[in-house]
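Enquirer: No letters, just coordinates:
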Ligand code: NAD
């Protein structure tokens, strides 16, 4: 089916990413990839990422055909004051499957909901994925930052993100209280007086597809372990169930020699476990303990799969170890879909000043490349960024924490990364 667009046109050249009958992604060497630059510093770092990612694609014999699409303030300018997320943009991301976006501002107290959440929900992008690792030369707040190399998979559609809650003082909340106390027998628990009540759904479908995605990622990226992080000791029928369903995926959907389920009950029974050589081990940790392990023994973990709220805390805590909000990358995955986006926001104070660090959005693009199977191009992007930071000419956010570094703007830093890509490719 050929899509038609109102105010934008796809590039004249390029091909579509498609999904084969068996669900696998078919990526041409000249894909059309929609890009939303984003609000605020998005207009600085979006074009920078395009330049760097294109250089890595070309250095590995490919060509990206960028398709500029709009959301947030740029959409309002083009489509009208009330249009934040145009149909054109949704259609393009739908048609081309893989896209990248910069940050979008969510005005506090105004009528519209977060565009980021709207995009994730519209495309059912159920896994929020963030790799966190040390880039040599960066100013991490921890003593041994090189021990960190963890990818977090956060469930994106349920748990507290489902947003089912009732406000104190409303008739609805009193109805829910009456139901819980009178019909479900939970008496003497909720204190008298005003109360707010929320519901935390965790489904078999939501859990299993998230854990499956994390295990597949581990298998494809030579990771040794997937850890299910939950609070099942307290919330047995939601968080505990997440762990049980997650273990079922490991046990029932993969052969033991590929994926080995090692729940706590097995450790307790056996004392020690022999994981088949080369298999990905799936184990579990209680969420609060995991926050300690993240600081104390980060090198013992690889991939973490978590319900929404645990994932929120743990992915931010892991990202902070990278040393600047200008660094942590991310992406949202759905069935045959990827929307890459940096962790940071639109930092309006820094916008339009050629100041912002383009690393986070560019490394998000590297994650997108990995999803597309372009591992060589992804490695080139990461190595070139590390080399550019190592050379000590960096953007303001890193400059203030690296002794002896020279401060440069977004465009100069971008040119330097491209220079490293060319050099690295020439030496290969
Ligand atoms: P922010 O991430 O935009 O900025 C916080 C601070 O981090 C900035 O003042 C800046 O000093 C630094 N920073 C962030 N990115 C940087 C970069 N690339 N280079 C250098 N320094 C960088 O967080 P905020 O101020 O809380 O949010 C601003 C807006 O962004 C809000 O409207 C918020 O809703 C939105 N937001 C969007 C996303 C998203 O699009 N996914 C994520 C977070 C926040």
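Expert: Nice, I can see it. Computed from a predicted model, the values in this text were never measured in an experiment.
Enquirer: what about the closest residue to the ligand within the stretch 201-350 of the chain, neighbour count?
Expert: The nearest approach of the stretch 201-350 of the chain to the ligand comes at residue 345, 2.4 Å away (CB to the nearest ligand atom). Bear in mind the C-beta positions are built from the backbone N, C-alpha and C, glycine included. Residues near residue 345, counting by other CB atoms under 10 Å, number 18.
Enquirer: what's it in contact with, if anything?
Expert: By CB atoms under 8 Å, 6 or more residues apart in numbering, residue 345 lies in contact with 40, 103, 105.
Enquirer: Pretty sure residue 150 sits in a strand.
Expert: Yes - judged by DSSP: H, G, I helix; E, B strand; the rest coil, residue 150 forms part of a strand.
Enquirer: residue contacts, the closest residue to residue 145 other than its chain neighbours?
Expert: Of all residues not flanking residue 145 in the chain, residue 134 sits nearest, at 4.1 Å (CB to CB, 6 or more residues apart in numbering). By CB under 8 Å, 6+ apart, the residues touching residue 134 are 140, 145, 146, 147, 148, 149, 321, 322.
Enquirer: which one is the fifth one nearest to, not counting chain neighbours?
Expert: Going back to what we said before, that points to residue 148. Residue 148 sits nearest to residue 298 (CB to CB, 6+ apart), 4.5 Å away.
Enquirer: Surely that neighbour and residue 152 touch.
Expert: No - using CB atoms under 8 Å, residue 298 makes no contact with residue 152, being 12.0 Å away.
Enquirer: Can you check which residues contact both of those two?
Expert: residue 318.
Enquirer: These two: which is more packed in?
Expert: residue 152 (28 against 21).
Enquirer: Check the gap between the nearest residue to the more buried one once chain neighbours are set aside and residue 265 for me.
Expert: Closest residue in space to residue 152, ignoring its immediate chain neighbours: residue 315 at 4.2 Å, by CB to CB, 6+ apart. To residue 265, residue 315 is 27 Å away according to CB to CB, to the nearest Å.
Enquirer: if you count what's nearby, which of the two comes out ahead?
Expert: More crowded of residue 315 and residue 265, by other CB under 10 Å: residue 315, with 25 against 10.
Enquirer: Next, report how far the helix or strand encompassing that one is displaced from the centre of its chain.
Expert: Assigned by DSSP states H and E, residue 315 belongs to helix 308-320. Relative to the mean C-alpha coordinate of its chain, helix 308-320 is positioned 11 Å out (CA atoms, centre = their mean, to the nearest Å).
Enquirer: Over to stretch 6-26?
Expert: For stretch 6-26, the distance to the chain centre is 22 Å (CA atoms, centre = their mean).
Enquirer: Kindly report the same for stretch 233-246.
Expert: So, by CA atoms, centre = their mean, the centroid of stretch 233-246 is 23 Å from its chain's centroid.
Enquirer: what does stretch 200-211 give?
Expert: 17 Å.
Enquirer: and for that stretch, what are the contacting residues?
Expert: Applying CB under 8 Å, 6+ apart, the contact partners of stretch 200-211 are 126-127, 153, 155, 157-160, 162, 164, 226, 228, 235, 238-239, 241-242, 245-246, 248-250, 282, 305, 307.
Enquirer: Which neighbouring elements make contact with the helix or strand following the helix holding residue 315?
Expert: Downstream of helix 308-320, the next assigned helix or strand under DSSP H and E is strand 331-334. The elements that strand 331-334 packs onto, with contact taken as 3 or more CB pairs under 8 Å, 6 or more residues apart in numbering; DSSP states H and E, are strand 127-133, strand 337-340, helix 359-371.
Enquirer: hmm, the longest one touching the ligand?
Expert: Yes - for helix 359-371, a contact with the ligand is found by CB under 6 Å from any ligand atom, at residue 360.
Enquirer: Next: the shortest one.
Expert: No - in this structure, strand 337-340 remains apart from the ligand according to CB under 6 Å from any ligand atom; the gap is never smaller than 10.4 Å.
Enquirer: neighbouring contacts of that strand?
Expert: 93, 97-101, 119-120, 123, 125, 329-332, 361, 364-365, 367-368, 371-372.
Enquirer: The ligand contacts on the stretch 251-400 of the chain?
Expert: 325-326, 341, 344-347, 349-350, 356-357, 360, 397.
Enquirer: per-residue confidence averaged over the helix or strand where residue 425 lies?
Expert: Residue 425 is part of helix 410-427 when elements are defined by DSSP H and E. Averaged over helix 410-427, pLDDT sits at 97.
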